[in-house]
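K.L.:
Quick one, what's the 3D model for this:
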Amino acid sequence: QVQLLESGGGLVQPGGSLRLSCAASGMALPFGAYAMGWYRQAPGKQRELVATIRSGESTDYVDSVKGRFTISRDSAKNTVYLQMDSLKPEDTAVYYCNYGMFTRDGISFRPFGSWGQGTQVTVSS
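P.N.:
Numbers count the residues shown, from 1 in each chain. From the prediction side, this is the model:
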């Protein structure tokens, strides 16, 4: 059974930075074979895909975080990271990671795993 453990959240002032980590275990294929994604869910809102990194290391971001967030992965550690800079109050949410694949057309990310507890990010002065 695949386990995904998110960490690194916290309370930060606007303009600050946080680095989230997601450690994966129990995958059927090597970690590097999967695409990885970071999602977030703010109170009263639907879960939103924020960033993805493909097995070939190419990355994609939702427009609201482009230029501020950076997704990366370390296959030796089975871990995906989300570096978040210039944080804004609207970034406040619970952040989750998941693993999966892109559809054949290369457009949509399809997560495979169950959702973990996530890590809370609160941006407030």
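
K.L.:
Quickly find the element holding Trp38.
P.N.:
In the assignment (DSSP states H and E), Trp38 maps to strand 35-41.

K.L.:
who touches that strand?
P.N.:
20, 22, 24, 47-55, 71, 73, 80, 82, 91, 93-102, 109, 111, 118, 121 (CB atoms under 8 Å, 6 or more residues apart in numbering). For every residue, glycine as well, the C-beta is placed using N, CA and C.

K.L.:
and the helix or strand that it is followed by, average pLDDT?
P.N.:
Using DSSP H and E, the helix or strand that follows strand 35-41 in sequence is strand 48-53. Mean pLDDT, computed over strand 48-53, is 97.

K.L.:
same deal with stretch 105-124?
P.N.:
The pLDDT scores in stretch 105-124 average 92.

K.L.:
Identify the bridge partners of the spatially most central residue of the chain.
P.N.:
The C-alpha lying nearest the average C-alpha coordinate of the chain belongs to Trp38 (CA atoms, centre = their mean; 1.8 Å). For Trp38, the residues forming beta bridges with it (DSSP bridges) are Ala51, Cys97.

K.L.:
Just to be sure, Gly100 is in a helix?
P.N.:
No: according to DSSP: H, G, I helix; E, B strand; the rest coil, Gly100 belongs to no helix; its state is strand.

K.L.:
Quick one: neighbours of it, just the number.
P.N.:
Residues within reach of Gly100, counting by other CB atoms under 10 Å, total 16.

K.L.:
can I assume it is in contact with Pro111?
P.N.:
Yes: the criterion here is CB atoms under 8 Å, and Gly100 meets it with Pro111 at 4.2 Å.
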